[in-house]
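Participant: I would like the atomic coordinates for the input below:
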Amino acid sequence: MSISKKVLPVIIISQFFCTSLWFAGNGVMDNLVSDFQLNENALGHLTSSVQFGFIFGTLLFAFFTIVDRFSPSKVFLASAFLGALVNLGVIWEGNTLSTLLIFRFLTGFFLAGIYPVGMKIAADYYDKGLGKSLGFLVGALVLGTALPHLLKDVTSEIPWKYVSISTSILAITGGVIVYLFVPNGPYRKPSQKFDIKVFSKVFQNRSLRSAAFGYFGHMWELYAFWTFTPIILSSYFNFHHQEDFNISLLSFLIIAVGFISCSFGGILSQKIGEKKVATISLLLSGVCCLALPFVFTVNSNLFFIVFLLFWGMMVIADSPMFSTLVAKNANPEIKGTALTLVNSIGFAITIVSIQLLTLLLAYNSIYIYMILAMGPILGLLALRNM
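Facilitator: Numbers count the residues shown, from 1 in each chain. Here you go, the predicted model:
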């Protein structure tokens with residue numbers, strides 16, 4: 001087996017392990033609220049603090065062209081270790097909302113050296129079939145994001161702090177695996193010096209701009225949906241006066257099922273192209289945004305859960321396609337910086353949608369989630385110009 005074939009499984013496993021840090025706070029949110037006496041709106045604020053950290057981190061990584069100037073595997077290892085360390089901060093008994101926000105911010109900051117760097121490593125190894133490779137890679141991100149919900153469910157009988165400890169151990173393991181088994185790829189073209197004009201160079205290509213704007217529309221919806229999935233489920237069961245449903249397990253399944261659509265979408269892109277896969281996914285997830293209030297009124301648990309599972313598949317299937325389009329249209333010397341910068345802007349957009357929904361929760365209406373459809377609509381318009 002060639003080294004390029006061995007590398008993809010290693011990156012997938014490592015990405016899965018390390019990105020479990022992302023929603024580690026969400027998986028134990030109820031415990032954080034009760035143990036540290038937080039307000040109910042802490043969910044949106046703590047999630048947004050991770051996004052803020054990721055944005056700040058990716059901006060610094062992009063500005064100093066870190067991934068293009070230094071070995072991506074070493075950057076991945078250092079980020080995984082430091083991210084795991086600050087993730088453990090949430091188990092400190094003296095935490096307040098402020099300290100929790102700081103720890104989650106720093107976790108997001110170091111995730112900037114994991115998620116986009118993992119994609120850069122894949123792009124350094126795969127020229128043809130990059131969409132397929134990134135499909136599996138983003139699928140690993142999905143599983144990693146969903147994992148804390150599953151850990152919360154299976155560890156319900158033991159202290160919640162083990163969720164944070166487990167995700168930190170996984171992150172360190174993922175970083176070490178990449179460092180030991182993934183050398184610099186054959187398509188890597190390192191940048192030799194710092195270039196202050198790199199930001200403007202990224203968006204000079206029209207096709208890259210279109211792919212980036214499509215990605216931005218996708219991101220408006222994605223993390224807001226993931227963040228509020230447990231709340232949507234709770235609202236549905238309360239509305240229909242039902243109890244004894246495992247919200248943590250269902251949330252895990254609804255998010256994790258995106259692994260299937262990312263993987264299948266990556267394979268399908270080899271036949272019909274990344275743009276078509278992204279367009280179909282974006283269209284169907286937008287329809288789900290608009291359909292939610294009407295599906296919500298149907299008193300059928302099975303129907304509602306299947307609907308959310310379908311939405312969970314469509315909401316993420318386009319993500320690896322957009323990343324592939326960005327990587328393919330970027331100059332080789334700044335490919336890592338382009339991926340990082342586009343990620344940074346995309347995650348900045350997620351903060352707006354998450355905070356907006358957090359404010360709208362006061363209206364106690366299922367119709368507030370229809371605002372997420374703005375993203376897919378604008379994303380589809382951007383793809384038309386590509």
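
Participant: What's the biggest helix in this protein, counting residues?
Facilitator: Across the chain, the longest stretch assigned as helix under DSSP state H is helix 206-239.

Participant: Tell me which helix or strand comes right after that one.
Facilitator: Using DSSP states H and E, the helix or strand that follows helix 206-239 in sequence is helix 247-256.

Participant: What is the neighbour count of residue 303?
Facilitator: Neighbours of residue 303 under the rule other Cβ atoms under 10 Å: 11. The way it works is simple: take the backbone N, C-alpha and C, and place the C-beta from them, glycine included.

Participant: just residue 264 next, same as before
Facilitator: Around residue 264 there are 15 other residues, counting by other Cβ under 10 Å.

Participant: now residue 235
Facilitator: Number of residues near residue 235 (other Cβ under 10 Å) recorded here: 17.

Participant: Remind me what the longest helix of the chain packs against, helices and strands.
Facilitator: Counting contacts by 3 or more Cβ pairs under 8 Å, 6 or more residues apart in numbering; DSSP states H and E, helix 206-239 packs against helix 42-63, helix 247-256, helix 274-296, helix 301-317, helix 319-329, helix 335-360, helix 374-384.

Participant: Of those helices, flag the one that's most buried.
Facilitator: Comparing the helices and strands packed on helix 206-239 by mean neighbour count (mean count of other Cβ atoms under 10 Å), helix 319-329 ranks first with a mean of 27.

Participant: State the mean pLDDT of that helix.
Facilitator: Taken as a whole, helix 319-329 has a mean pLDDT of 90.

Participant: Check residue 55 and give its pLDDT.
Facilitator: Residue 55 is assigned a pLDDT of 89 by the prediction.

Participant: Kindly provide the distance from it to residue 111.
Facilitator: For residue 55, the distance to residue 111 under the criterion Cβ to Cβ, to the nearest Å works out to 10 Å.

Participant: any low-confidence regions in the stretch 51-200 of the chain?
Facilitator: Applying pLDDT under 70 to the predicted model, the residue ranges of the stretch 51-200 of the chain that meet it are 127, 152-158, 185-187, 189-200.

Participant: any chance you could map the helices in it?
Facilitator: Counting by DSSP state H, counting those that start in this stretch, the segments of the stretch 51-200 of the chain that form helices are 66-69, 72-87, 97-111, 115-125, 130-154, 161-181, 198-202.

Participant: Could I get these in TSV, plus columns for mean neighbour count and distance to residue 276?
Facilitator: Compiled in TSV, the helices of the stretch 51-200 of the chain are given as follows (neighbours: other Cβ atoms under 10 Å; distance: least, Cβ to Cβ, whole Å):
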stretch	mean neighbour count	distance to residue 276
helix 66-69	24	29
helix 72-87	23	30
helix 97-111	22	30
helix 115-125	27	21
helix 130-154	25	11
helix 161-181	21	32
helix 198-202	16	25
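
Participant: I'd like those laid out as JSON lines, including distance to residue 380.
Facilitator: Formatted as JSON lines, the entries for the helices of the stretch 51-200 of the chain read as follows, by distance: least, Cβ to Cβ, whole Å:
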{"stretch": "helix 66-69", "distance to residue 380": "30"}
{"stretch": "helix 72-87", "distance to residue 380": "32"}
{"stretch": "helix 97-111", "distance to residue 380": "28"}
{"stretch": "helix 115-125", "distance to residue 380": "23"}
{"stretch": "helix 130-154", "distance to residue 380": "19"}
{"stretch": "helix 161-181", "distance to residue 380": "35"}
{"stretch": "helix 198-202", "distance to residue 380": "23"}
